[in-house]
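[1] predicted model follows, preceded by the sequence.
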Amino acid sequence: MDLQNLSLYQMSEEKMRWLAQRQSVLSQNIANSDTPKYMPSDLQPLKFKEALEEVKGVRLTRTNEMHRTNGSADVKMVKTNPNHLSPLAEGHSKVKESRHPFETSIDKNGVILDEQFQKIDDTRQQHEQITALFKKNMSMLVTALGK
């Protein structure tokens, strides 16, 4: 049995590669935290939907009329009870635009170590999740094969 042919393992491998590249980019940001005019960079997020579409042989089908489809995004949320919160702003609250709280330093260096460490920790957590998922699926296959 070749695990490379299983879409779950292909997607796990791609995510692990992305996490390794991100860790490298974040390390480079930290290494250049004192370099004048250096601006940090990061990778574009890896989207599960795009990865799923790239996997050959997997086709999503609607098996029940009640299931959502791409066209079901046209459904509007409505307020069914006056005591419920409205899905749309009614003037009682205002949408506050969030701004990026970090700024550049005097020498125009944009690397904020706290932000980079948060991203590194997020990358570590994602790595642990993918590793745990891989281990669980491997043990499931071993159990299914009766070994």
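    Cool, got the structure.
[2] show me what the helix or strand where Val25 lies is packed against.
    Using DSSP states H and E, Val25 maps to helix 7-31. On a contact count with 3 or more CB pairs under 8 Å, 6 or more residues apart in numbering; DSSP states H and E, helix 7-31 meets helix 48-54, helix 113-144. (Each C-beta comes from the backbone N, C-alpha and C, glycine too.)
[3] pull out the buried residues from that helix.
    Across helix 7-31, burial judged by 16 or more other CB atoms under 10 Å covers 9-12, 15, 18-19, 22-23, 26, 29.
[4] just name the shakiest helix or strand of the protein by mean pLDDT.
    The weakest-scoring helix or strand in the chain, judged by mean pLDDT, DSSP states H and E, is helix 48-54 (a mean of 65).
[5] still on that earlier bit, ranking the helices and strands packed on helix 7-31 by mean pLDDT, which is last?
    Out of the helices and strands packed on helix 7-31, helix 48-54 stands lowest, with a mean of 65 (criterion: mean pLDDT).
[6] re the thing from before, Pro40: which of the helices and strands packed on helix 7-31 is closest?
    Of all the helices and strands packed on helix 7-31, helix 113-144 sits nearest to Pro40, with 6.7 Å by CB to CB.
[7] report the buried residues of the closest one.
    Neighbour counts over helix 113-144 (16+ other CB under 10 Å) mark 115-116, 119-120, 123, 126-127, 130, 134 as buried.
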